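In: predicted model and sequence below, questions to follow.
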Amino acid sequence: MQIIFVCHRIPYPPNKGDKIRSFAELKALSAKHEVDVFCLYDDPEDAKYIPELEKYCRRLNAQYVPKWQSRLQTIVSLLKGEPLSVGHFRSGKLRQQVQKALATKNYDVAVGYSSSIAQYLQQESVPRLIDIVDVDSNKWRQYSERFRGLRRFVYQLECSRMRRYEEAAVQEFDKVYVSTNRERRLLDPTRSEEKIKVLEQPLDIAHVRAWDGEIPKMIASHQPYFVFCGQMDYLPNVDAAELFCREIWPSVKEKYPDTRFVIAGRNPAKAVIRLAEEGSVIVTGAVPDMRPYLAGALAAVVPMRIACGIQTKILEALALGVPVIATANTVEAIPEALRPMLKIAGDRAAFVEHLLELCGKRDLPDREATARIVAEYYQRLGMFEELLADAERLGAKRLDQISEGSLVGGPR
């Protein structure tokens, strides 16, 4: 089949949540079919990954949109009554290229990644599938609950606008995918599971196992430590890091003063960098490989108050056998079979208790057993077979319609 794949960010390298998922989808589709990729990028450094990404597709069209332009378009969208997210990921040139490609009638299926991409695949005769991953309107609602004044007003406005946009996408696309059952309920619990499907996040177990198991001396020098990892300019992560340092960490430091808290991840916001002013907190910035940071920790902590979609950081830690302490609102993002491996903290006191148990070397899990169970689970799950099956089924249906004369197709 011929597939057009449109995504809001260049899906390489797979080093953050959305790129891990979009790249995995691309790999699954391109393993059996010819895929043309259309995407955006806002960092000139991303251009160096284009040659590597081209190995996974027949054709790649990556449009550079400077950050200043995205910000300007966001303001324009605010004034026009559109969702800010739609304006942020708008590119007239990419839209033109996508429409030009679709006009050839050469594609059997169109696949979009993220709700913001729906704007590029509107009113087309080709079957369309979209993975919106998270219900963004719910994310903006949660943002609005954390702020006051103008920011709260803007976030509430974005929530309502994004909600209408998501509802339109559900109406228009042939298949809509989300990452968890919670997201499905938030999007539209009245729709059939055939229309809105849960596309569970895969995990590259081979990549996890490829690590040599050696903890570099620099990382070992931080031990004993707890780790929180992620994109550290992402608001839910910033909020989680601040909450942990303000309300949880002091109780641990008081009893175990030699213990450290490591915040590992690219682009730390100023608020995160300031947390390192307290000597027991270490902010690393971008790291070449997160695996040794996870493996060297007493546990990975996930103190999220704003819960959005999948939590790749939890899955990666579990795959290494590392204990995970997480707030209760993250549990629904984890497969039911893996939830018993988590230490769930319903409140601040429970979080502190779990941390102290590990500091005192009590209730230590069997890391090898945990890693084995996780590996077996994801080997059974595979890599987006359901997305592939749906694409093939819709593509075959379209070819049948063309052969019967009910659709007009272009040159193949």
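Out: That came through, no problem.

In: burial count for residue 305?
Out: Residues near residue 305, counting by other C-beta atoms under 10 Å, number 15. C-beta coordinates here come from the backbone N, C-alpha and C atoms, glycine included.

In: now it: how far from residue 48?
Out: 36 Å (C-beta to C-beta, to the nearest Å).

In: for residue 387, same thing?
Out: Taking C-beta to C-beta, one finds residue 387 at 28 Å from residue 48.

In: same drill for the two, tell me which one is more crowded.
Out: residue 387 (20 against 8).

In: give me the element the more buried one is part of.
Out: helix 385-404 (DSSP states H and E).

In: buried residues in that helix, which are they?
Out: By 16 or more other C-beta atoms under 10 Å, the buried positions in helix 385-404 come out as 387, 388, 390, 391, 392, 394, 395, 398, 402.

In: rebuild the residues you listed as TSV, extending it with distance to residue 337.
Out: Converted to TSV, these look like this (distance: C-beta to C-beta, whole Å):
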residue	distance to residue 337
387	21
388	22
390	23
391	26
392	27
394	30
395	32
398	36
402	42
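
In: lowest-confidence entry in these?
Out: Scanning the buried residues of helix 385-404 for pLDDT, the low point is residue 402. It has 68.

In: alpha carbons only: can I get the top helix by length along the chain in PDB?
Out: In the chain, assigned by DSSP state H, the helix with the most residues is helix 149-172. Extracted as PDB, the C-alpha positions of helix 149-172 are listed here (Å, rounded to 0.1, in the frame of the first residue of the first chain):
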ATOM      1  CA  GLY A 149      -5.700  35.400  36.300                       C
ATOM      2  CA  LEU A 150      -4.900  35.700  32.600                       C
ATOM      3  CA  ARG A 151      -3.200  32.300  32.300                       C
ATOM      4  CA  ARG A 152      -6.200  30.600  33.800                       C
ATOM      5  CA  PHE A 153      -8.500  32.400  31.300                       C
ATOM      6  CA  VAL A 154      -6.400  31.500  28.300                       C
ATOM      7  CA  TYR A 155      -6.100  27.900  29.400                       C
ATOM      8  CA  GLN A 156      -9.900  27.600  29.900                       C
ATOM      9  CA  LEU A 157     -10.400  29.200  26.500                       C
ATOM     10  CA  GLU A 158      -8.000  26.700  24.900                       C
ATOM     11  CA  CYS A 159      -9.800  23.800  26.700                       C
ATOM     12  CA  SER A 160     -13.200  24.700  25.200                       C
ATOM     13  CA  ARG A 161     -11.800  25.400  21.700                       C
ATOM     14  CA  MET A 162      -9.700  22.200  21.600                       C
ATOM     15  CA  ARG A 163     -12.700  20.200  22.800                       C
ATOM     16  CA  ARG A 164     -14.700  21.300  19.800                       C
ATOM     17  CA  TYR A 165     -11.800  20.600  17.500                       C
ATOM     18  CA  GLU A 166     -11.300  17.100  18.900                       C
ATOM     19  CA  GLU A 167     -15.100  16.400  18.500                       C
ATOM     20  CA  ALA A 168     -14.900  17.400  14.900                       C
ATOM     21  CA  ALA A 169     -11.900  15.100  14.400                       C
ATOM     22  CA  VAL A 170     -13.900  12.200  15.800                       C
ATOM     23  CA  GLN A 171     -16.700  12.900  13.400                       C
ATOM     24  CA  GLU A 172     -14.500  13.300  10.400                       C
END
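
In: list the helices and strands it packs on?
Out: helix 84-88, strand 128-133, helix 136-145 (3 or more C-beta pairs under 8 Å, 6 or more residues apart in numbering; DSSP states H and E).

In: pick the most buried one from those.
Out: Mean neighbour count (mean count of other C-beta atoms under 10 Å) peaks for strand 128-133 among the helices and strands packed on helix 149-172, with a mean of 24.

In: what does it rub up against?
Out: 18, 21, 25, 109-115, 117-118, 121, 166, 169, 172-179, 183, 187, 199, 309-310, 387, 390-391, 394 (C-beta atoms under 8 Å, 6 or more residues apart in numbering).

In: okay, buried residues for stretch 312-332 please.
Out: In stretch 312-332, counting by 16+ other C-beta under 10 Å, buried: 312-327, 329-331.

In: quick one, strands of the stretch 201-350 of the chain?
Out: 225-229, 260-264, 281-285, 299-302, 324-327, 343-345 (DSSP state E, counting those that start in this stretch).

In: now do the fourth one: which elements does it pack against?
Out: Looking back up the chat, that one is strand 299-302. By 3+ C-beta pairs under 8 Å, 6+ apart, strand 299-302 packs against strand 225-229, helix 312-319, strand 324-327, helix 348-359.
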